Each structure stands twice: as structure tokens, then as C-alpha cells.
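Chemist: predicted structure and sequence below. I'll ask about it afterward.
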Amino acid sequence: PGVVAHYLKYVNKQANAVFLHEMMGGQELAKKEGQCGVLKKTSLEDYKKGLENFQLINLSPAENAIKIVPNHSNSFWRRKN
């Protein structure tokens, strides 16, 4: 969540609209530090906090040309007036 928050600071300052293709439920947790996975999941609530100047317009399951991408979402955000 800290890395996401860092990058979204720049988005909040410059973008008028945002498209995200993310695992809104978060990545798999690591069993311990240094192992595969994340130490803390980044959730939809983390993105909402990070995009405080934006309104979530649409959140839907992510799809590619063949199928729905498991556990991924597409989200569209618009700068608040």
C-alpha cells in the first residue's frame, strides 16, 4: 500500500482521469518477509484513499480477448469538480 500511495500522489496532482487494471483484493500474502508475496495487501480502499481527488466511475471484472482475468478488476476514475 505504501508504494501505491507514493505513485498515486503524482496521479492526484496531474491526471484528469485514471484507468487501473489491478487485483483490488490484493496480491497473495508472503508467509514471511523475504518470501514471495506481499507483506500487506493493497485493497480497493487503499486506492480510494490514494485517489482522493477522484470519483470511482466504474469497477468491473477485468477481461482480455479470451476470458475474464481471475481476481483482477478494471476501474475508471474521474477527477472531482
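Modeler: Structure received. Numbers count the residues shown, from 1 in each chain.
Chemist: please compute how far the lengthiest helix in the chain lies from its chain's middle.
Modeler: What stands out as the longest helix in the chain, according to DSSP state H, is helix 2-14. Centroid separation for helix 2-14 versus its chain: 11 Å, with CA atoms, centre = their mean, to the nearest Å.
Chemist: and it, which residues are buried?
Modeler: Across helix 2-14, burial judged by 16 or more other CB atoms under 10 Å covers 4, 8, 11. Where you see a C-beta, it was placed from the backbone N, CA and C, and this is true even at glycine.
Chemist: isn't the first one right next to residue 49, touching?
Modeler: No. Because the distance of 9.4 Å does not satisfy CB atoms under 8 Å, residue 4 is recorded as not touching residue 49.
Chemist: avg pLDDT for the longest helix of the chain?
Modeler: Mean pLDDT, helix 2-14: 93.
Chemist: pull the distance from whatever helix or strand comes next after that helix to the chain's centre.
Modeler: Next helix or strand after helix 2-14 toward the C-terminus (DSSP states H and E): strand 17-22. Mean C-alpha position of strand 17-22 versus that of the full chain (CA atoms, centre = their mean) differs by 7 Å.
Chemist: strand 17-22 to helix 2-14, inter-axis angle?
Modeler: 160 degrees (axes from the mean of the first three to the mean of the last three CA atoms, to 10 degrees).
Chemist: who are the packing partners of the very next helix or strand once past strand 17-22?
Modeler: Next helix or strand after strand 17-22 toward the C-terminus (DSSP H and E): helix 44-50. For helix 44-50, the packing partners by 3 or more CB pairs under 8 Å, 6 or more residues apart in numbering; DSSP states H and E come out as helix 2-14.
Chemist: who's in contact with the helix it packs on?
Modeler: 18, 42, 46-47, 49-54 (CB atoms under 8 Å, 6 or more residues apart in numbering).
Chemist: and the residues you listed, which two are furthest apart?
Modeler: Across these, the longest distance by CB to CB is 18.5 Å; it joins 42 and 53.
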